[in-house]
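Undergrad: A structural model of the following input is requested.
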Amino acid sequence: MKGVTVVSHPLVQHKLTLMRDKTTSTAGFRMLLREIATLLCYEVTRDIELETIAIETPMGPMDAPIIKGKKLVFASILRAGNGLLDGMLDLVPAARVAHIGMYRDHDTLEPVEYYFKAPGELGNRLVIVVDPMLATGNSAIAAIDRLKRRGASNLRYLCLLAAPEGIAKFTAAHPDVPVFTAAIDSHLNEIGYIVPGLGDAGDRMFGTK
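TA: Numbers count the residues shown, from 1 in each chain. Below is the predicted model:
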């Protein structure tokens, strides 16, 4: 699909299979989510811009590459997005973090915002929005809308799983925002869950119902 990168690395696919398994424990699911988030973060940041600076190694001076510009922002769609943050911050510990609190109305399947907090100068930062599932696409679209209103212009969306319906809706609304995912599943069921999917990521992560 145009604008979508499926991260097919064997380690990503192996860990995703373990996460899908309904017998995987809450602790196991949480650990796997952190591990796979680090691998996905590696891919979503693969082409970020570098510049060179002068440093001194123990052996002498050199011009060495370093990430250009202001610190990255990881924008978590609460609550499940927080499960991806730890693994991503393991890789990019200096990143800033934004939180976008949304829940899905189970009758309308539309997102309801209840919280928003983000770093300043979003227009000068790469913002990577994270949420385990791109299902209907409604929450993802609303989150990107909110960030753009705050000035963000360089955005990427990272998820574990995506449904074709959600991808189509998201890319139509935000064709300028590339999507990175570990898998594109078959379809959405009648209540907006990804099939075969892995269930409710938040519930499996936090041991709730």
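Undergrad: So what does the most centrally placed residue in the chain look like in phi/psi?
TA: Nearest residue to the geometric centre of the chain (Cα atoms, centre = their mean): residue 130, 2.3 Å. Dihedral pair for residue 130: phi -130, psi 140, per degrees, to the nearest 10.
Undergrad: same question, residue 46
TA: Dihedral angles of residue 46 (phi, psi; degrees, to the nearest 10) stand at phi -60, psi -40.
Undergrad: The chain should start at 12 in everything you say after this.
TA: Renumbered: residue one is now 12, and that last one reads residue 57.
Undergrad: what bits of the protein have low per-residue confidence?
TA: Applying pLDDT under 70 to the chain picks out residues 120.
Undergrad: Please, where are all the strands along it?
TA: For the chain, strands defined by DSSP state E occupy the ranges 15-17, 61-68, 71-78, 84-89, 107-115, 122-128, 137-141, 144-145, 165-173, 190-195, 198-199, 205-206.
Undergrad: Number of residues surrounding the residue nearest to residue 86 when sequence neighbours are not counted?
TA: With sequence-adjacent residues excluded and distances taken as Cβ to Cβ, 6 or more residues apart in numbering, residue 86 is closest to residue 109, at 3.9 Å. Using the backbone N, CA and C atoms, a C-beta is placed for each residue, glycine as well. By other Cβ atoms under 10 Å, the residues close to residue 109 number 25.
Undergrad: cool, and residue 131?
TA: Using other Cβ under 10 Å, residue 131 has 11 other residues around it.
Undergrad: Isn't residue 50 up against residue 24?
TA: No: Residue 50 is beyond contact range of residue 24, at 10.1 Å (criterion: Cβ atoms under 8 Å).
Undergrad: These two - which one has more neighbours?
TA: Ranked by neighbour count (other Cβ under 10 Å), residue 50 and residue 24 place residue 50 first, with 17 against 14.
Undergrad: what sits against the more buried one?
TA: Residues in contact with residue 50 (Cβ atoms under 8 Å, 6 or more residues apart in numbering) are 18, 20, 22-23, 26.
Undergrad: And it, how far from residue 22?
TA: The spacing between residue 50 and residue 22, counted by Cβ to Cβ, to the nearest Å, is 6 Å.
Undergrad: Equivalent analysis for residue 114, please.
TA: The value you get for residue 114 to residue 22, if Cβ to Cβ is used, is 32 Å.
Undergrad: re the thing from before, my read: the residue nearest to the centre of the chain touches residue 96, true?
TA: Yes: shown here, residue 141 and residue 96 form a contact pair, counting by Cβ under 8 Å, at 6.9 Å.
Undergrad: Give the residues shared as contacts by the two.
TA: Counting by Cβ under 8 Å, 6+ apart, the residues touching both residue 141 and residue 96 are 48, 85, 87.
Undergrad: okay but the second one is in contact with residue 100, surely?
TA: In this case it means residue 85. Yes: judged on Cβ under 8 Å, residue 85 makes contact with residue 100 at a distance of 7.2 Å.
Undergrad: hey, what's in contact with both of these two?
TA: Common contact partners of residue 85 and residue 100 (Cβ under 8 Å, 6+ apart): 106, 108.
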